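Chemist: Fold the following, please.
(2 chains)
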Amino acid sequence: MGGYGDVQMIDDKGLRMDGRKPSECRPIEIETGVVPVADGSARVRWGLNDVIAAVYGPMEAHPRKIQRQDRAVLDVRYNMAPFSTTDRIRPGFNRRSREISKVTAEALESVVMLELYPRSKIRVEIEVLCAEAGTRCAGITAASAALAHAGIPMTDLVVSVASGKVNGVVVCDLNKEEDNYGEADLPMGILPNSGELVFLQMDGDLSQEDFKIAWDYNMEAASHIHEIMARALKGGDA
Amino acid sequence: MRGRRVAGPIDMTRGRGAGGPHGSRESVLVAPGDDLGDSKELEPGHGVIVVDGRLKAVKQGRMTKEGKNVGIQPRRTAYVPRPSDLVIGFVEGMTNNIWFIDIGAPFNAILPLSLGPSKASFGGLRSVLDVGDAILCRIQEVEENHSSVATMKGMGLRKLKTGSVESVDPHLLGRVIGSKGANLSELKEKTDTRIIVADNARVWIDGDVEGIISARAELGAMMMKAKISEYRGDV
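Modeler: Here you go, the predicted structure:
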C-alpha cells in the first residue's frame, strides 16, 4: 500500500499491467506429494509465487507443556527463503512471518479435526521459494492441500485468495506492483463447500461497494482454485 | 461469517450425483469437504461425518459404498494402535523399569519390565533390550489419550535378531496379505523367506540374503502397483 496514486496500473481498455481483466486470477498449479519424507506435502505455483508446504504428524507434542489433553496442537511455521525476493531476506523468524504463521494456524484450526488426536502435535511447514505477492494466500492454500494429502481429517479444505483496489478499480489476485502501489488489499480464507470464512484481513481502505465487489471476486476465485486443488488431490502421485 | 457455497458438485457422471453413489460397490475419489449424499438414505462409515443432514468426507481417498454404508478408504493415514494388535517396534529409550517402543504411531508405546521378554533386574533393562532393537510385541491396552501398553508375554513374541524390517503404507496392508493370505504365501514361497506382517504396517522378512533382497523388491513393486491401480479406480 505505497499510495503512489499516479502510477497507472489499469489501461484505457480496463486491463491490468499483465493483461488480466480485473476479475481474473493469475495462473495456478497445485501438485501434491512433492516432499517424499513428509507425511503430506503440496506445492502451489501461483503466478510467480512458488510455495511448498509439508505436514508432519500427528506426533507426540514436545515440550510437554504445549500438550492439550483434549486436542492436538497445530504448529505452523511460515518462512520466506532468503532468495525468494529481489532484496535478500534475513533468514529466520521476523514479525511478519510470526503474524502469518499465527493467522494461518488459526484459519486451519477451523477445519482440522484436532479433537481426534489429544496430546499430539501436527507440524505444518510453509516455505516460500519465490515471492511475487499474495504469499500468505498461497501458503494457506498449500498448507490446506498438504494436510489433506497427509490424511489428516478435515471438515473442509481452505482456499485463500486476495482482492484489492488499484487506481480506483477493484481487482482480483494482486500482483507485486498492484500490491506495492495499490490502495487496498483484502485477503480471505474461504471454505469452498460451505462458503464460510475462516480468515480475513484488510489493508488500506475500501468502501462498502468496493468491499462487496472484492468479496464476490474472492468467492469466484475460490471456486476456481478449489477445482484445481480437488483435481490435484484426486489425481494422485503414486 | 458465511458467504455462498463456492465449490462445485463432485463428479456427476455415471449416477454419481449429489445423492451419493448408486449400486452395491462403487468407488469414487473424494477430497475433504465433498458432499457424499443424504444422511436419511445413507450411513456414515470411516472418514465420513454428518453435517446438517448431509454426509461429508473428512479425508482424501476412495469412497466406497457397501449397502447403505458410505466410507472412505484413506489414501494416507497414520497407524492408530488398538488392543491386541501385533506390532513390530523399535526400542527408543528406557527408564529403570520401562522400555519406550516406537510402533509407528503418534505416540510411543510403553513396555513395562513385568511384560518384557525375560527377567531383568531393576535398572538393568539394557542387558535385555537395548536402544535400536527390533521387537515383535502385542498391544495390550490403549488409553483414551492414545498412550498404549505393549506386551511381549505371548506365543511368538520376541526380539527380532535377524532379517530386515520394511515399512509399507498402513492402508495398503490388505494388498500385501491378499485374499486369505494368498499374496503373502506366494511371496514367501517365491523368495523362500519367513515373513511376518504386523498391524502397524511393518513387515519382517527373514531368510538368506538373496531371499531378503528379492522379497524387499517384490514388496516395493507390489506397493507401487497397488497405488497405481487404486487411483485408476480399477479396484
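
Chemist: what separates the residue nearest to the spatial centre of chain A from B:Met222, distance-wise?
Modeler: Nearest to the geometric centre of chain A sits A:Cys137, at 2.1 Å (Cα atoms, centre = their mean). Going from A:Cys137 to B:Met222 by Cβ to Cβ, to the nearest Å gives 41 Å. For every residue, glycine as well, the C-beta is placed using N, CA and C.

Chemist: The helix or strand bottoming out on mean pLDDT in chain B: what's the following helix or strand?
Modeler: In chain B, no helix or strand scores lower on mean pLDDT, DSSP states H and E than strand B:27-30, which sits at a mean of 80. As assigned by DSSP states H and E, the chain's next helix or strand after strand B:27-30 is strand B:35-38.

Chemist: So is the next helix or strand after that next one next to chain A?
Modeler: Helices and strands here follow DSSP H and E; after strand B:35-38, the next one along the chain is strand B:43-44. No: using Cβ under 8 Å from any Cβ of the partner chain, strand B:43-44 never reaches chain A; the gap is at least 12.5 Å.

Chemist: what's in contact with strand B:43-44?
Modeler: B:Val50, B:Leu55, B:Lys68, B:Asn69, B:Val70, B:Gly71 (Cβ atoms under 8 Å, 6 or more residues apart in numbering or on different chains).

Chemist: With respect to chain A, which of the residues you listed is nearest?
Modeler: B:Val50 (11.3 Å; Cβ to the nearest Cβ).

Chemist: follow-up on the earlier one: who's in contact with the residue nearest to the centre of chain A?
Modeler: A:Cys137 makes contact with A:Trp46, A:Ser160, A:Val161, A:Ala162, A:Pro187, according to Cβ under 8 Å, 6+ apart.

Chemist: Inside strands: which ones of those residues?
Modeler: A:Trp46, A:Ser160, A:Val161, A:Ala162, A:Pro187 (DSSP state E).

Chemist: ok, what's across the strand from the first one?
Modeler: Spelled out, that is A:Trp46. Counting by DSSP bridges, A:Trp46 is bridged to A:Ile28, A:Asn49.

Chemist: right, and it touches A:Ile28 too?
Modeler: Yes: with contact defined as Cβ atoms under 8 Å, A:Trp46 reaches A:Ile28; the gap is 4.9 Å.

Chemist: which other helices and strands contact the least confident helix or strand of chain B?
Modeler: Packing contacts for strand B:27-30, counted by 3 or more Cβ pairs under 8 Å, 6 or more residues apart in numbering or on different chains; DSSP states H and E, involve strand B:61-66.

Chemist: Flag every buried residue along the strand it packs on.
Modeler: B:Gly61, B:Arg62, B:Met63, B:Thr64, B:Lys65 (16 or more other Cβ atoms under 10 Å in any protein chain shown).

Chemist: Next up, the contacts around the first one.
Modeler: What it means is B:Gly61. A:Gly151, B:Leu29, B:Val30, B:Gly47, B:Ile72, B:Gln73, B:Pro74, B:Arg75, B:His171.

Chemist: ok, now how distant is A:Ala150 from chain B?
Modeler: Separation of A:Ala150 from chain B (Cβ to the nearest Cβ, to the nearest Å): 6 Å.

Chemist: which residue sits closest to that residue in space, ignoring its chain neighbours?
Modeler: Excluding the flanking residues, the one nearest A:Ala150 by Cβ to Cβ, 6 or more residues apart in numbering or on different chains is A:Gly40, at 2.4 Å.

Chemist: Mind listing the residues bridging to the one you found?
Modeler: Under the criterion used (DSSP bridges), A:Gly40 bridges to A:Val55.

Chemist: Going by length in residues, pull out the top helix of chain B.
Modeler: For chain B, the helix with the greatest residue count under DSSP state H is helix B:209-232.

Chemist: Of A:Trp46 and A:Ile28, which one has the most company?
Modeler: Legend: neighbour count by other Cβ atoms under 10 Å in any protein chain shown for A:Trp46 and A:Ile28, higher for A:Trp46 (25 against 21).

Chemist: Show the contacting residues for the more buried one.
Modeler: A:Arg26, A:Pro27, A:Ile28, A:Glu29, A:Glu132, A:Gly134, A:Cys137, A:Ala138, A:Thr141.

Chemist: Low-confidence ranges, chain A, go.
Modeler: The model of chain A has pLDDT under 70 over residues A:1-6, A:236-238.

Chemist: burial measure for B:Lys119, as a count.
Modeler: Residues near B:Lys119, counting by other Cβ under 10 Å: 9.

Chemist: Repeat that for A:Ala222.
Modeler: With other Cβ under 10 Å as criterion, A:Ala222 counts 27.

Chemist: again, but for A:Val34
Modeler: With other Cβ under 10 Å as criterion, A:Val34 counts 16.

Chemist: Tell me the secondary structure at it.
Modeler: At A:Val34 the chain is in coil, as set by DSSP: H, G, I helix; E, B strand; the rest coil.

Chemist: And for it, nearest residue in space, chain neighbours not counted?
Modeler: A:Arg43 (4.5 Å).

Chemist: quick one: A:Phe199 from A:Phe211, how far?
Modeler: A:Phe199 is 16 Å from A:Phe211, by Cβ to Cβ.

Chemist: Would you enumerate the residues in contact with the closest residue to B:Met94 other than its chain neighbours?
Modeler: Residue nearest to B:Met94 in three dimensions, not counting chain neighbours: B:Leu125, with 4.7 Å by Cβ to Cβ, 6+ apart. The neighbourhood of B:Leu125, defined by Cβ under 8 Å, 6+ apart, consists of B:Met94, B:Thr95, B:Asn96, B:Asn97, B:Ile98, B:Trp99, B:Leu113, B:Gly116.

Chemist: Check A:Glu177 too.
Modeler: Contacts of A:Glu177 by Cβ under 8 Å, 6+ apart are A:Val7, A:Met9, A:Met17.

Chemist: Could you pick out the buried ones from these?
Modeler: Buried among the contacts of A:Glu177 by 16+ other Cβ under 10 Å: A:Met9.

Chemist: Which members of the contacts of A:Glu177 are positioned in strands?
Modeler: Going by DSSP E, the strands hold none of these.

Chemist: could you point out the longest helix in chain A?
Modeler: helix A:208-235.

Chemist: Any part of that one near chain B?
Modeler: Yes: Helix A:208-235 is in contact with chain B by Cβ under 8 Å from any Cβ, via A:Trp215, A:Met219, A:Glu220, A:Ala222, A:Ser223, A:His226, A:Glu227, A:Met229, A:Ala230, A:Leu233, A:Lys234, A:Gly235.

Chemist: Tell me the one of those nearest B:Ala150?
Modeler: A:Leu233 (35.0 Å; Cβ to Cβ).

Chemist: quick one: contacts for that closest one?
Modeler: A:Thr32, A:Ala145, A:Ala148, A:His149, B:Ala31, B:Gln60.

Chemist: circling back: among the contacts of A:Trp46, the buried ones, what's the PyMOL command?
Modeler: Buried subset of the contacts of A:Trp46, written as a PyMOL selection, criterion 16+ other Cβ under 10 Å:
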select buried, chain A and resi 26+28+132+134+137+138+141
